[in-house]
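Just need the structure, nothing else, for what follows:
(one chain, ligands or ions: 1)
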Amino acid sequence: ATLHRLWPEIEKVVKQEVAMAKLGVGESGTGWQLFAEDGEMRMYRREEEVDGMVVDPLKAVHVVKGITGRELCHYFFNPQYRYDWETTLEHMNVLETISEDTLIFHQTHKRIWPASQRDVVFWSHLRRLPNDQDRDGPDIWTVVNNSTEHPDHPANAGKCVRIFLTVCLLCQTRVDPPKAGAPVSRDDITCKITYCSVVNPGGWAPASVLRAVYKREYPKFLKRFTAYVKNQTKDKPIMY
Ligand SMILES: O=S(=O)(CCO)c1ccc(-c2ccc(C3CCCC3)c([C@@H]3C[C@@H]3c3ccccn3)c2)cc1
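Got it, this is the predicted structure:
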């Protein structure tokens with residue numbers, strides 16, 4: 001993958017997105033407004049428009065017990081599970097396998113009335129990062145998805161409006177030491193999740209409709225995805 005034309009961009013965007021994801025909502029200046037809460041999950045957005053289009057950056061933080069960051073990123077990155085948890089997905093196709101941890105996807109998403117149907121082309125990169133807080137703690141895992149172009153799917157050539165997105169799923173795992181001599185079980189594991197996304201809808205869509213869609217879909221997505229991973233891993237050995 002070091003030789004691929006996208007490699008410099010992937011390195012740059014991954015570093016930027018991980019640094020942003022690590023910033024708390026307080027530290028990254030004012031402007032983050034809490035818009036959804038559910039148990040440990042907190043969803044924030046900033047209201048931003050580009051050329052009159054809603055591109056509200058989203059930052060969600062969540063804490064889940066019983067799964068590791070590597071497991072969350074494994075089920076988020078790998079295409080074979082995506083239809084199980086991504087409810088707004090209509091079609092997904094892997095256009096290019098750059099390496100085992102770097103893929104290029106084309107996806108069409110279900111039409112959200114009255115907006116026209118959208119599609120997206122993005123590279124997706126899975127990365128293990130050293131745990132900078134606790135050197136002998138579990139590593140940090142991340143998946144970064146970033147829009148890119150691909151000759152087989154020129155933007156706005158078909159029926160779909162091309163959207164542009166940057167997404168970062170950052171997962172930090174903590175293992176609480178079990179009683180002396182006992183093996184680590186899933187009850188001793190906690191994962192802190194930060195999910196950041198900026199979606200540019202590509203073509204005009206009513207701000208009120210988009211904000212209603214984001215308000216409905218993002219909490220649903222994070223709850224459904226984390227529940228899916230807990231269910232998939234509950235009887236499997238722990239992947240760190
Ligand atoms: O994290 S990912 O990379 C996971 C891989 O699938 C990803 C997440 C979200 C999207 C996405 C694409 C289009 C749209 C809208 C925009 C205008 C009309 C369709 C939405 C709306 C926001 C709603 C939404 C939010 C969360 C999850 C799914 N749907 C989201 C795509 C990829």
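
separation between residue 18 and residue 126?
Applying CB to CB, to the nearest Å, the value for residue 18 to residue 126 is 13 Å. Heads up, the C-betas are built off the backbone N, CA and C, glycines and all.

all strands for this protein, in order.
In the chain, the strands defined using DSSP state E lie at 33-38, 41-45, 49-50, 53-54, 58-65, 89-99, 102-109, 118-129, 140-147, 161-162, 164-175, 189-200.

The fourth one pairs with which strands, parallel or anti?
Spelled out, it's strand 53-54. With DSSP bridges as the test, strand 53-54 is paired with strand 49-50 (antiparallel).

can the partner strand be found next to the ligand?
No: Strand 49-50 lies apart from the ligand when judged by CB under 6 Å from any ligand atom; the minimum separation is 13.6 Å.

Residues contacting that strand, please?
55, 200, 207 (CB atoms under 8 Å, 6 or more residues apart in numbering).

Just the buried residues of the residues you listed.
Among the contacts of strand 49-50, those buried by neighbour count (16 or more other CB atoms under 10 Å) are 55, 200.

Can you get me a residue count around the residue nearest to residue 140 when sequence neighbours are not counted?
Distances taken as CB to CB, 6 or more residues apart in numbering place residue 129 nearest to residue 140, at 4.2 Å, with adjacent residues excluded. Neighbourhood size, residue 129 [other CB atoms under 10 Å]: 17.

swap in residue 135?
7.

And residue 206, by the same measure?
Residue 206 has 11 neighbours, counted by other CB under 10 Å.

ditto for the one 10 residues further on
Residue 216: 12 surrounding residues under other CB under 10 Å.

same thing with residue 112?
18.

how much space is there between it and the ligand?
5 Å (CB to the nearest ligand atom, to the nearest Å).

Spit out the contact partners of that residue.
Residues in contact with residue 112 (CB under 8 Å, 6+ apart) are 88, 205, 209, 213.

Can you read off the pLDDT for the third one?
What it means is residue 209. Per-residue pLDDT puts residue 209 at 90.

before we move on, the earlier item: so which of the strands of the chain is the most packed in?
strand 140-147 (a mean of 23; mean count of other CB atoms under 10 Å).

quick one: contacts of it?
Residues outside strand 140-147 that contact it (CB under 8 Å, 6+ apart): 9-10, 13-14, 17-18, 21, 68-70, 72-73, 76-77, 105, 120-132, 163-173.

Now render the contacts of strand 49-50 as JSON lines, adding distance to the ligand.
JSON lines is the format used below for the contacts of strand 49-50 (distance: CB to the nearest ligand atom, whole Å):
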{"residue": "55", "distance to the ligand": "10"}
{"residue": "200", "distance to the ligand": "9"}
{"residue": "207", "distance to the ligand": "11"}
